[in-house]
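Visitor: Dropping a prediction and its sequence here:
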Amino acid sequence: MLIEDHPAIGTPVHCGECISDIACDNLELELPEHVISMRVHGIRVVFPDGTEKCLTEEGYVLEKHLFERWIAEEAVEAGASMHLGHKLSSMERLEEDGRFAGWLCDGKGDEFPIRAKVVIDASGVAAVCSKIVRQSNDEPLNEMGKVVAGMQYELLEVPTDGYLDFYIWPKYAEKGYLWMIPKCDGRANVGLVTEDRPRAKKALDEFIDITHFKELEQVRPPWKAKGSPAFGGTIPISGPFENTHHDGLMLVGDAAGFTSPLFEGGSHLALKSAVYAADTAAAAIEEGDLSAERLSEYSRLWKDEFPPYDKILRGKNALFELTDDEMSVMARCFPDEMADMGISGKALVGLRLLVRRPGLYFKRIVPAMLAFGYSRARYYGW
């Protein structure tokens with residue numbers, strides 16, 4: 001059973017809407033044409049002085065609302081039931097003969113109360129189950145971590161060569177970045193993610209005002225019938241939650257804190273964690289063991305697979321400790337195509353840095369460089 005608190009699957013859209021070929025291959029996803037907005041070649045990173053470096057990795061920009069509806073329809077076709085306008089508010093633990101036997105779930109919607117052997121929390125940044133499920137010491141399952149604001153507009157007649165443009169310009173996006181993600185028919189998402197949440201819209205408007213996006217028309221995306229053309233949401237950045245499984249419960253995607261630290265990508269991580277959770281749930285139900293110990297296989301699977309969050313986060317923090325000038329010096333030492341930067345390429349970058357600005361080594365420049373490597377598609381970057 002799928003429950004969704006909104007009146008429709010996939011809206012509102014909260015993300016930039018892109019996914020890499022590597023992600024699709026890893027997930028064995030054969031995307032239908034109607035969910036694809038545009039084929040893209042990869043990411044171009046634009047540094048504060050205008051230096052541009054490419055990370056060529058083929059992929060797609062999606063019509064994300066249609067993509068999510070397609071996934072839900074696939075689930076229904078496979079035998080799931082889907083219920084819109086249902087919002088979970090409580091979970092009562094059930095036991096039989098002293099063993100955990102499932103959850104009695106209640107909330108808003110005609111299907112409640114619902115008895116479930118296993119609950120998979122895909123509630124996004126709301127992390128519903130982490131708040132309402134209590135541990136044995138009566139503490140919430142997880143403490144809520146730090147979040148950043150993401151906001152974007154859809155613009156018309158945006159010039160593009162098929163790359164996603166990511167601007168690391170701290171002046172406008174504090175400890176974040178700005179983007180231009182091209183779509184079909186000349187449309188593009190232009191937005192930002194920033195730790196300065198109160199200033200997010202003002203900073204995005206200022207960025208647009210000083211770039212070639214200034215004169216372009218802002219429109220509401222096709223799924224948004226009224227209101228401001230701006231759309232977005234918040235993104236968890238504190239890393240995976242301490243508890244991503246419990247008796248009869250697993251957390252996936254943003255509800256588990258799974259986002260890529262530097263560029264905040266989350267779709268690949270969400271989809272892969274959902275695969276692991278589904279496989280683990282099916283096996284546990286078949287074996288008649290719904291305990292946290294049995295479901296710990298899920299946490300083991302994602303920990304073995306996902307990139308080292310702590311290393312990327314250290315690199316991100318080191319990057320934003322650099323001044324704009326230091327960041328640009330580092331960028332100029334990168335090859336034009338960062339996807340080709342193997343061991344010898346990294347050594348060459350190190351040599352260039354040593355010659356041009358040796359003092360940068362004392363500012364943890366190496367972790368900052370590694371963060372870019374770990375943000376590639378094969379490391380669940382997008």
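Guide: Looks like it arrived, so ask away.

Visitor: now for stretch 222-235, what's the gap between its first and last residues?
Guide: End-to-end distance for stretch 222-235: 23 Å, by Cα to Cα, to the nearest Å.

Visitor: List the buried residues of it.
Guide: Across stretch 222-235, burial judged by 16 or more other Cβ atoms under 10 Å covers K224, A230, F231, G232, G233, T234, I235. In this view, the C-beta of every residue, glycine as well, is placed from N, C-alpha and C.

Visitor: again, but for stretch 70-88
Guide: Neighbour counts over stretch 70-88 (16+ other Cβ under 10 Å) mark W70, I71, A72, H86, L88 as buried.

Visitor: what residues are up against the residue nearest the centre of the chain?
Guide: Note on the chain: the residue nearest the mean C-alpha position is G266, at 1.7 Å, using Cα atoms, centre = their mean. The contact partners of G266, by Cβ atoms under 8 Å, 6 or more residues apart in numbering, come to C15, I235, G253, D254, F258, T259, S260.

Visitor: Just confirm the fourth one is within a helix.
Guide: Yes: according to DSSP: H, G, I helix; E, B strand; the rest coil, the state of D254 is that of a helix.

Visitor: where does the closest residue to it other than its chain neighbours fall, phi/psi-wise?
Guide: Closest residue to D254 apart from its sequence neighbours, by Cβ to Cβ, 6 or more residues apart in numbering: G124 at 4.5 Å. Here is the backbone geometry of G124 (degrees, to the nearest 10): phi 70, psi -150.

Visitor: Just list the residues touching G124, thanks.
Guide: Residues near G124 by Cβ under 8 Å, 6+ apart: H14, G233, G253, D254, A255.

Visitor: A126 and L251 touch, don't they?
Guide: No: A126 is not in contact with L251 according to Cβ atoms under 8 Å; the separation is 11.5 Å.

Visitor: more neighbours, those two?
Guide: Just comparing A126 and L251: by other Cβ atoms under 10 Å the higher neighbour count belongs to L251, 31 against 16.

Visitor: The more buried one: what's it in contact with?
Guide: By Cβ under 8 Å, 6+ apart, L251 lies in contact with I120, D121, A127, C129, S130, N142, F241, N243, T244, H245.

Visitor: Which residues does it form beta bridges with?
Guide: On the basis of DSSP bridges, L251 is bridged to D121.

Visitor: Equivalent analysis for F166, please.
Guide: With DSSP bridges as the criterion, F166 is bridged to V45, W179.

Visitor: what about it, distance to S273?
Guide: Between F166 and S273 the computed distance is 24 Å (Cβ to Cβ, to the nearest Å).

Visitor: So what touches whichever strand or helix holds L295?
Guide: Using DSSP states H and E, L295 falls within helix 292-305. By Cβ under 8 Å, 6+ apart, the residues outside helix 292-305 that reach it are 100, 118, 240, 244-250, 258, 272-273, 276-277, 280-281, 283-284, 287.

Visitor: Keep only those of those residues that are in strands.
Guide: Judged by DSSP state E, the subset of the contacts of helix 292-305 located in strands is F100, H245, H246, L249, M250.

Visitor: hey, C-alpha coordinates of the helix holding L295 in CSV?
Guide: The C-alpha coordinates for helix 292-305 follow below in CSV (Å, rounded to 0.1, in the frame of the first residue of the first chain):
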residue,chain,number,x,y,z
ALA,A,292,15.1,-4.5,14.0
GLU,A,293,17.8,-7.2,14.0
ARG,A,294,16.5,-8.7,10.8
LEU,A,295,16.0,-5.3,9.1
SER,A,296,19.5,-4.3,10.0
GLU,A,297,20.5,-5.9,6.7
TYR,A,298,19.0,-2.8,5.1
SER,A,299,21.4,-0.5,6.9
ARG,A,300,24.3,-2.8,6.2
LEU,A,301,23.5,-2.7,2.4
TRP,A,302,23.4,1.1,2.1
LYS,A,303,26.5,1.6,4.3
ASP,A,304,28.5,-0.8,2.1
GLU,A,305,27.3,0.9,-1.1
